[in-house]
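[1] predicted structure and sequence below. I'll ask about it afterward.
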Amino acid sequence: MHITRRTLALASTALAASLLAPAAFAQKQYDPGASDTEILLGMPMPLSGPVSGYSIIGKVAEAYFKKLNEQGGINGRKIKVLVYDDQYSPPKTVEVARRMVEQDQILAWFSSLGTASNTAVQRYMNAKKVPQLFLQSGASQFDNAKQYPWTTPMLGSYRGEGKVFAHHIATSKPGAKVAILMQNDDLGREILKGLQEGLAGKNASLVAQATFEVTDPTVDSQIVQLKASGADVLVLASTARTTAQALRKVAELGWTPERYVNIAGASVKMAMEPAGADKAKGAISLAYYKDPGSKNWDNDPEMKAYKELLKTYAPGVDPLNSSGVTGYVAAQLMAHVLREAGDNLTRDNIRRIASNLKSPKVELLLPGVTVANSPEDLHAVAAMQPVRYNGVEMEPFGKVESLK
């Protein structure tokens, strides 16, 4: 066979094309919700209903992506965030999920609020293979990579939170008699479980428990019941509105237990101040982010950047409301995942990155707090800092506690 220069040139061109074609194809892979110019995300939020105060989470996340888009987006793509009202109601969340997945065709949804609402759509989202990411819940059913690989919780484990409370109670108050007021859902049940596990074999005991529904207008009767138990420690597994009611009633009764408040209900602006600073003073909780209402962070560059973001892109949002920071953290994590995905914007790739976080840079985390997860433990927030309300702000004390 006679090989000419022309034959060699053609062969070389063909070989180069065959090698480049798969690479070029691999560079850009899209699922619904992604294109050369845009990425579409969904974010259900309680814009109305009993916990509508938490809608600040969505407003801050939207502000973050507005700024990001003005700076060119992520890998040249603008991020569009759809925020629909789910009213913190599971049936409504199901309706929103179907709309986002089947009509809007989002690439992923993120930062949705509440255990019951997220549970209501978990099976559906996994069946549709749409990432359900950075949920504002620490419930254990979202940490199940084998059965629900498309779901990733952002918050640290509620069960771990209960264990940390139990350890602190047994250490600081030997012989303590503990009562718990718990939301009648997995938030309450898992904090109770962690508390029971943490107190087992310790010189402290659980003597009473009472439940409430998130729609209950008051928890006064439950607090009266718990006081009658003789408990000298009260754990509140509740969201902010109920926390405020409970702290206020405890003070009105002249009851003086040591009070522990789970992170979901420990907002200064939404719980402590509405309860009354004098009535809430001394309450203990856990935190993973810097409190924008604390003067300790006034000169912190990250805090300055956060408040400037809200001033420019969300002027109606109270910059001192710490619940907004949870939306800021969730938005940063979502942006990190999208950056890491590059041009491989398939839902499966998004899911895998979100399930294998290796301490990415996240602004406003407290010193010593990290974000890391794996299929073995999907909770993104890996540790939290004990804090105590001093009548003005949540003041850190002690060492950072691991939730893993």
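    All right, it came through fine. Bear in mind that the values here come from a model prediction, so they are computed numbers and not experimental data.
[2] ranges for the helices of the chain?
    With DSSP state H applied, the chain shows helices at 5-27, 56-70, 90-98, 115-127, 158-172, 186-199, 220-227, 240-252, 273-275, 277-280, 301-313, 323-341, 347-354, listed in chain order.
[3] check contacts around Met100.
    Listed by C-beta atoms under 8 Å, 6 or more residues apart in numbering, the contact partners of Met100 are 42, 44, 82, 84, 106, 109. C-beta: built from backbone N, CA, C; applies to glycine.
[4] how about the helices of the chain in JSON lines, adding mean neighbour count and mean pLDDT?
    Listed next are the helices of the chain as JSON lines, based on neighbours: other C-beta atoms under 10 Å; pLDDT from 0 to 100:
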{"stretch": "helix 5-27", "mean neighbour count": "10", "mean pLDDT": "49"}
{"stretch": "helix 56-70", "mean neighbour count": "21", "mean pLDDT": "98"}
{"stretch": "helix 90-98", "mean neighbour count": "19", "mean pLDDT": "98"}
{"stretch": "helix 115-127", "mean neighbour count": "20", "mean pLDDT": "96"}
{"stretch": "helix 158-172", "mean neighbour count": "22", "mean pLDDT": "95"}
{"stretch": "helix 186-199", "mean neighbour count": "22", "mean pLDDT": "95"}
{"stretch": "helix 220-227", "mean neighbour count": "18", "mean pLDDT": "98"}
{"stretch": "helix 240-252", "mean neighbour count": "22", "mean pLDDT": "97"}
{"stretch": "helix 273-275", "mean neighbour count": "20", "mean pLDDT": "97"}
{"stretch": "helix 277-280", "mean neighbour count": "17", "mean pLDDT": "97"}
{"stretch": "helix 301-313", "mean neighbour count": "16", "mean pLDDT": "98"}
{"stretch": "helix 323-341", "mean neighbour count": "23", "mean pLDDT": "97"}
{"stretch": "helix 347-354", "mean neighbour count": "21", "mean pLDDT": "98"}
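[5] which one of the ones you listed lies nearest to Phe134?
    Among the helices of the chain, helix 323-341 comes nearest to Phe134, with 4.6 Å by C-beta to C-beta.
[6] pull the distance from the closest one to the chain's centre.
    Relative to the centre of its chain, helix 323-341 is centred 10 Å away, using C-alpha atoms, centre = their mean, to the nearest Å.
[7] that one relative to helix 56-70, how many degrees between them?
    With axes from the mean of the first three to the mean of the last three C-alpha atoms, to 10 degrees applied, the angle from helix 323-341 to helix 56-70 works out at 40 degrees.
[8] understood, closing this out.
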